[in-house]
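*Asks:* I'd like to go over a predicted model; first the sequence, then the structure.
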Amino acid sequence: MDSSPRVIIFPFPAQGHVNSMLKLAQLLSLSNVQVTFLVTVDTHDRLLNHTDVISRFGSGFHLQPLPHGISMDVMNTRDGLSILYDSLNKIAKPFLREFIAYSPVTTCLITDGILSMAADVAQEINLPIIYFRTASASSFWSYFCMPDLIQVGELPLKENAKDLTLTKVKGMEDFLRGRDLPSFCQASDLTSPDFRIVMTETRQTPRARGLILNTFEDLEGPILSQIRTVCPNVYTIGPVHAHLKAKLGTKSTSSNSLWQEDESCMSWLDTQPPKSVIYVSFGSVAGLTKEELLEFWYGIVNSEQKFLWVMRPDLIIGQERKDEIPVELEQGTKARGYMADWVPQEKVLAHRAIGGFLTHSGWNSTLESIVEGVPMICWPRFADQQVNSRFVGEVWKMGLDIKDTCDRDIIAKSIRDLMEKRNGEFSQRTEHMANLAKKAVNEGGSSYINLDRLIQDIRSITP
Ligand code: UDX
């Protein structure tokens, strides 16, 4: 009989979460841990269509679709998160209960740290739970401290106090302002169901026997010490994409993309001088209004730098993207720009032609940029992104945090500053952190050791 442990991994059904949890799945598979990976039908079909996910893993990997009825399409609507949670509760929870009951022996459940309904099921039958939070340790900790902020009256945020530093997020008292808090906390009252969900999900984390984080000790050490006061068993194993690269001995990892990647941008990048191109992408979920899009377009073209811009077909909120270039911007766009629907981002960031990244500060994008030593301009949109961008700009000093500013002149100036004037200053820091990231995932590094410990701990659980 096969004695290798078997885990169920359950990510929140969005690209940023699926991506890093699938990388964890691959890391575990390489150590002979059998993995069942639970995804929505839509994600299941997209992974089969756009990736080599089945051939990449051995026979110990099983991609399991959930029943129909759970869709990410609601996420760009008001209270989208709570609508999604309703369907997860109604559909995924009973499915998981049955699935575990009729599956071969399962060692433990590794569930996304914001899916406590899965942990409830596991707890009913005494199945050990390990959580994986796919965002930064810093954002996790800021969510965790919300009740303390409410208690001292710093939350809800007062309109005229957004620039003041907050006193109750331990380890961040010197630099975290109201406007750096996750988007869910920015409203003038705290009645949004999304806020309640995020806070409740975070506060119940200590019930798990361990917490996996896609980060590394040299990047977020002081905040990790705070987290360990409430969750002592933290496995920092990131950046997971770099960890996987190190284990496979390859330059880049296979894609976990839910969209078709346009590889043609790589040939365009090949023709550009070193560090001459600013890469622009706002991740997989964030949308822009038509006005914001135009402001960015002017800013990017007026910066007079070369650019590669990912313009997803659903990037503009509430409407299909029309492939028209505003007349005044046509010449600058054609002369200096390359637009794509979706690109192989890890490879793009590793290309020698990339000199900067204009990003929404999603955590995967931030880590991918850090590993390649690419300085960032941060324009955060929602969830953890506001916290991440504050760390990039103020703590790690690896770029500029323009926060909620959306003004063509500021965008143009920031791009010029990043690519020309202050590039040396930022590059020095990003290169240093890139080296530390690589050290963490190679033999003897903190993430390497923590992954080993995680695997040993999974093995030591006797079902
Ligand atoms: C979401 C949240 O936005 C993010 O803040 C949170 O940390 C995780 O969930 P997303 O918005 O998609 O994720 O951002 P991000 O975490 O940066 O993930 C995007 C992923 O898509 C990255 O791994 C990136 O490499 C990939 N990507 C993006 C592509 O492969 N191609 C593209 O063209 C754009």
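*Replies:* Good, I have the coordinates.
*Asks:* Where does residue 212 fall, secondary structure wise?
*Replies:* According to DSSP states H and E, residue 212 maps onto strand 210-213.
*Asks:* Let me know whether that strand sits next to the ligand.
*Replies:* No. Figure legend: strand 210-213 not in contact with the ligand (C-beta under 6 Å from any ligand atom); closest approach 11.6 Å. Quick note: C-beta positions are derived from backbone N, CA and C, even for glycine.
*Asks:* Give me the packing partners of that strand, helices and strands only.
*Replies:* strand 129-133, strand 234-236, helix 446-460 (3 or more C-beta pairs under 8 Å, 6 or more residues apart in numbering; DSSP states H and E).
*Asks:* Please tabulate these in JSON lines, including the columns mean pLDDT, distance to residue 391 and mean neighbour count.
*Replies:* As requested, the helices and strands packed on strand 210-213 are exported to JSON lines (pLDDT from 0 to 100; distance: least, C-beta to C-beta, whole Å; neighbours: other C-beta atoms under 10 Å):
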{"stretch": "strand 129-133", "mean pLDDT": "98", "distance to residue 391": "16", "mean neighbour count": "25"}
{"stretch": "strand 234-236", "mean pLDDT": "98", "distance to residue 391": "15", "mean neighbour count": "23"}
{"stretch": "helix 446-460", "mean pLDDT": "97", "distance to residue 391": "18", "mean neighbour count": "18"}
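*Asks:* Once you drop chain neighbours, what's closest to residue 247?
*Replies:* residue 30 (5.8 Å; C-beta to C-beta, 6 or more residues apart in numbering).
*Asks:* Ok, residue 184 next?
*Replies:* Residue 184 sits nearest to residue 195 (C-beta to C-beta, 6+ apart), 4.4 Å away.
*Asks:* Let me know whether the one you found touches residue 187 as I believe.
*Replies:* Yes. Counting by C-beta atoms under 8 Å, residue 195 touches residue 187, with 7.2 Å between them.
*Asks:* quick one: which of the two has more around it?
*Replies:* Using other C-beta atoms under 10 Å as the criterion, residue 195 and residue 187 rank with residue 195 on top: 23 against 14.
*Asks:* Kindly confirm my reading that that one forms part of a helix.
*Replies:* Yes. Counting by DSSP: H, G, I helix; E, B strand; the rest coil, residue 195 is found in a helix.
*Asks:* who's in contact with it?
*Replies:* Residue 195 makes contact with 184, 185, 187, according to C-beta atoms under 8 Å, 6 or more residues apart in numbering.
*Asks:* again with residue 194
*Replies:* 79, 80, 81, 82, 184.
*Asks:* Does the host helix or strand of the third one reach the ligand?
*Replies:* Right, the one you point to is residue 81. If you go by DSSP H and E, residue 81 is part of helix 80-87. No. Using C-beta under 6 Å from any ligand atom, we find that helix 80-87 stays clear of the ligand, coming within 11.8 Å at best.
*Asks:* Residue 425: neighbour count?
*Replies:* Neighbours of residue 425 under the rule other C-beta under 10 Å: 12.
*Asks:* and the closest residue to residue 382 other than its chain neighbours, what are its phi and psi?
*Replies:* Leaving aside its chain neighbours, residue 382 sits nearest to residue 183 (4.0 Å; criterion: C-beta to C-beta, 6+ apart). Per-residue torsions, residue 183: phi -50, psi -30 (degrees, to the nearest 10).
*Asks:* who's in contact with whichever residue of the stretch 1-150 of the chain sits closest to the ligand?
*Replies:* Relative to the ligand, the nearest point of the stretch 1-150 of the chain is residue 16 (2.3 Å; C-beta to the nearest ligand atom). Contact analysis of residue 16 by C-beta under 8 Å, 6+ apart lists 134, 283, 284, 285, 362, 363, 364.
*Asks:* hmm, 10 Å instead?
*Replies:* 134, 135, 283, 284, 285, 362, 363, 364, 365, 383, 384 (C-beta atoms under 10 Å, 6 or more residues apart in numbering).
*Asks:* Also residue 212?
*Replies:* So residue 212 contacts 20-21, 24, 110, 113, 130-134, 233-238, 240, 450-451, 454 (C-beta under 10 Å, 6+ apart).
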